[in-house]
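Student: Predicted coordinates and the sequence they were generated for:
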Amino acid sequence: MISKRIAIVGAGVNGTSIATACAKRGFDVTLFDAGTPFAETSSKSSRMLHGGIRYLEQGHIKLVREALIERDEWQRVAPHATRIETFFFPIYKDSPRGRMTLFAGALLYQWLAGRFSLGKSRLHTKRDLLKAFPELNSENLLGGVSYCDLVMDDQALAGILLGEARSLGVNVQPNTPISDITTSGTLRAHGKALSFDHVINATGPWASDMLNQANIDSRFDIEHVRGSHLLLDLSLPHALVFQVPADNRIIFCIPQSANEVLLGTTEHHHCL
Ligand SMILES: Cc1cc2nc3c(=O)[nH]c(=O)nc-3n(C[C@H](O)[C@H](O)[C@H](O)COP(=O)(O)OP(=O)(O)OC[C@H]3O[C@@H](n4cnc5c(N)ncnc54)[C@H](O)[C@@H]3O)c2cc1C
């Protein structure tokens, strides 16, 4: 039997995972990227492999439960590229969410994880918190809440995922910008028309551009969001999550190594 030929455009975490899933089902897969695989959005995240605790606030219970099960899967697939981290929320008098609200959310998060829970969610006194983080501003500090989640080494994860795709026979084609995709399976690479049974558009933030360039209508629109991260020369025993009173955002401070901390914002709408 001749296996179907699938072209996947975009070798970020989504394209590469789709390529692996297709190869496991016996398809003949080619994975194209305009540049280096995993060099775009997938290498610029906040490096959390989380179950999405903050989506509980919007009532996305089912989504969070699914993500917590996926989190467990990633931990098993890539134990060397993931690490369990405890996240501490310091709570101040002017924090938008109070101690009991956050504790209820953290308990729900732990409960939803069920047997996939990575550790207990806890309530902390001001004293506990200052003992663990003496550099915290103690003025108006009421105490805190902690919960456990997973963080990732995105470069190591990229290596594992690309290695798995290649070992399953996926033909990875870096530095190959694709244009003129069609719903009948053709595309253009380096000026040449190529033919497949199916083309999958996994170009992340460029997904709409790809369709527009090829005059393909879609029911879906891409809503771009961006964030900014700073790598600080700092040492922290655990991750901290700060609430920004002015606009409800939260800011993560996640240890990356003994003396490096990633300071990250949450999503921000971005107009191109
Ligand atoms: C601020 C911020 C923080 C985030 N933090 C987290 C986090 O902590 N944890 C988490 O899980 N997720 C996080 N995310 C989300 C996560 O980063 C993305 O969902 C994920 O990286 C998207 O991967 P992708 O494969 O869809 O896109 P990308 O990684 O961008 O891959 C798309 C690929 O398509 C290629 N491409 C584009 N056009 C073409 C073309 N014409 N021809 C060929 N190739 C092309 C590009 O070169 C690129 O490599 C965060 C997102 C933001 C904005």
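Tutor: In hand now; what should we look at? None of the values given here were measured: they were computed from a predicted structure.
Student: Residue 44 contacts residue 229, doesn't it?
Tutor: Yes - counting by C-beta atoms under 8 Å, residue 44 does reach residue 229; the two are 7.4 Å apart. Every C-beta, even on glycine, is put in place using the N, C-alpha and C of the backbone.
Student: Spell out whether stretch 189-208 and the ligand are in contact.
Tutor: Yes - Stretch 189-208 reaches the ligand (C-beta under 6 Å from any ligand atom) through 202, 203, 204, 205, 206.
Student: In that stretch, which residues are buried?
Tutor: By neighbour count with 16 or more other C-beta atoms under 10 Å, stretch 189-208 contains the buried residues 189, 194, 196, 199-208.
Student: Among those residues, which ones are in strands?
Tutor: Among those, the residues falling in strands (DSSP state E) are 189, 194, 199, 200, 201.
Student: I'd like these laid out as JSON lines, including pLDDT.
Tutor: Formatted as JSON lines, those follow (pLDDT from 0 to 100):
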{"residue": "189", "pLDDT": "98"}
{"residue": "194", "pLDDT": "98"}
{"residue": "199", "pLDDT": "98"}
{"residue": "200", "pLDDT": "98"}
{"residue": "201", "pLDDT": "98"}
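Student: Now do the same for the nearest residue to residue 226 once chain neighbours are set aside: its pLDDT.
Tutor: Using C-beta to C-beta, 6 or more residues apart in numbering and skipping the chain neighbours, the partner closest in space to residue 226 is residue 270 (4.3 Å). You'll see residue 270 listed with a pLDDT of 81.
Student: quick one: the helices in the stretch 1-150 of the chain?
Tutor: Applying DSSP state H, counting those that start in this stretch to the stretch 1-150 of the chain gives helices spanning 13-24, 61-77, 99-113, 126-132.
Student: what comes into contact with the shortest one?
Tutor: In other words, helix 126-132. Residues from elsewhere that reach helix 126-132, judged by C-beta atoms under 8 Å, 6 or more residues apart in numbering: 88, 90, 124, 136, 138, 141, 142, 143, 144, 237, 238.
Student: Hmm, residue 46 and residue 262 touching each other?
Tutor: Yes - Residue 262 is within contact range of residue 46, at 6.9 Å (criterion: C-beta under 8 Å).
Student: got any residues that touch both of those two?
Tutor: Taking C-beta under 8 Å, 6+ apart as the contact rule, residue 262 and residue 46 both touch 229, 252, 254.
Student: Remind me what the host helix or strand of the last one packs against, helices and strands.
Tutor: Yep, that's residue 254 we're talking about. Take DSSP states H and E as the rule and residue 254 turns out to sit in strand 250-257. Helices and strands touching strand 250-257, by 3 or more C-beta pairs under 8 Å, 6 or more residues apart in numbering; DSSP states H and E, are strand 82-92, strand 239-243, strand 260-264.
Student: partners of that strand in the sheet?
Tutor: Its sheet considered, strand 250-257 pairs with strand 239-243 (antiparallel), strand 260-264 (antiparallel) by DSSP bridges.
Student: how about it against the ligand, any contact?
Tutor: No - judged by C-beta under 6 Å from any ligand atom, strand 250-257 and the ligand are separated, with a smallest distance of 8.2 Å.
Student: Let's test this: mean pLDDT of that strand, rounded?
Tutor: 93.
Student: Please apply the same query to stretch 228-237.
Tutor: Averaging pLDDT along stretch 228-237 gives 94.
Student: how far is that stretch from where the chain is centred?
Tutor: In terms of C-alpha atoms, centre = their mean, to the nearest Å, the centre of stretch 228-237 is found 19 Å from the chain centre.
Student: which residues sit against it?
Tutor: 44, 46, 132-133, 253, 255-256, 258-265.
Student: So, low pLDDT: which residues of the stretch 1-150 of the chain?
Tutor: For the stretch 1-150 of the chain, applying pLDDT under 70 flags the ranges 1-2.
Student: for the closest residue to the ligand within it, what are its contacts?
Tutor: Residue nearest to the ligand within the stretch 1-150 of the chain: residue 12 (2.2 Å; C-beta to the nearest ligand atom). Residues in contact with residue 12 (C-beta under 8 Å, 6+ apart) are 37, 38, 40, 41, 42, 202, 204.
Student: What's opposite residue 83 in the beta bridge?
Tutor: Beta-bridge partners, per DSSP bridges, of residue 83: residue 151.
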